[in-house]
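K.L.:
Sequence below, structure please.
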Amino acid sequence: QVQLVESGGGSVQAGGSLEISCAASGHGFSVKTMGWFRQSPGKERELIAVISSGGRTGYVDSMEGRFTISRDNAANTLYLQMYSLKPEDTGVYYCAASPYFMSRIAAQYSDWGQGTQVTVSS
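P.N.:
Sure, this is the predicted structure:
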């Protein structure tokens, strides 16, 4: 099991950038697929991006180009860089770990962080 703690959220103006992090502890971070999800007000939790243990990345089409997922296995840390932020990017951002290679299915993620709030103002 992997314990995950997100950090780096906050308030930013539209058009701005922000990087959030996810610190992992416990067993298995380096061998698991990691994902970033977002839950915006009034919406279902949605996938943003995934990254395999070896660094292969995958993005939801609507997110590609403005979000970059990366990981540092030596530091047990996952990152999400966000650019050209829009008010509709406001939400709680979660990192999660999955034993399934490049999974895009939330139900296949077994370990979740508590989330970090990102607020984008216009």
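K.L.:
any idea how far S40 is from S122?
P.N.:
With the distance defined as CB to CB, to the nearest Å, S122 ends up 15 Å from S40. Placement of C-beta: from N, CA and C, glycine included.
K.L.:
Who are the contact partners of F67?
P.N.:
By CB atoms under 8 Å, 6 or more residues apart in numbering, F67 lies in contact with W36, I48, A49, Y59, L80, Q81, M82, Y83.
K.L.:
at 7 Å what do you get?
P.N.:
Contact partners of F67, counting by CB atoms under 7 Å, 6 or more residues apart in numbering, are I48, A49, Y59, L80, Q81, M82.
K.L.:
Could I get the pLDDT score of the closest residue in space to Q108 that isn't next to it in sequence?
P.N.:
Distances taken as CB to CB, 6 or more residues apart in numbering place Y100 nearest to Q108, at 4.6 Å, with adjacent residues excluded. Y100 is assigned 97 on the pLDDT scale.
K.L.:
which phi and psi does Y100 have?
P.N.:
Taking degrees, to the nearest 10, you get phi -90, psi 130 for the backbone angles of Y100.
K.L.:
The one residue sitting closest to the centre of the chain sits in which helix or strand?
P.N.:
For the chain, W36 is the residue whose C-alpha lies nearest the centre (CA atoms, centre = their mean; 2.2 Å). Secondary structure assigned from DSSP states H and E places W36 in strand 33-39.
K.L.:
What strands flank that strand, and is each parallel or antiparallel?
P.N.:
According to DSSP bridges, the neighbouring strands of strand 33-39, each with its direction, are strand 46-51 (antiparallel), strand 91-98 (antiparallel).
K.L.:
returning to what we had before: for S122 and S40, work out which one has more neighbours and name it.
P.N.:
More crowded of S122 and S40, by other CB atoms under 10 Å: S40, with 16 against 8.
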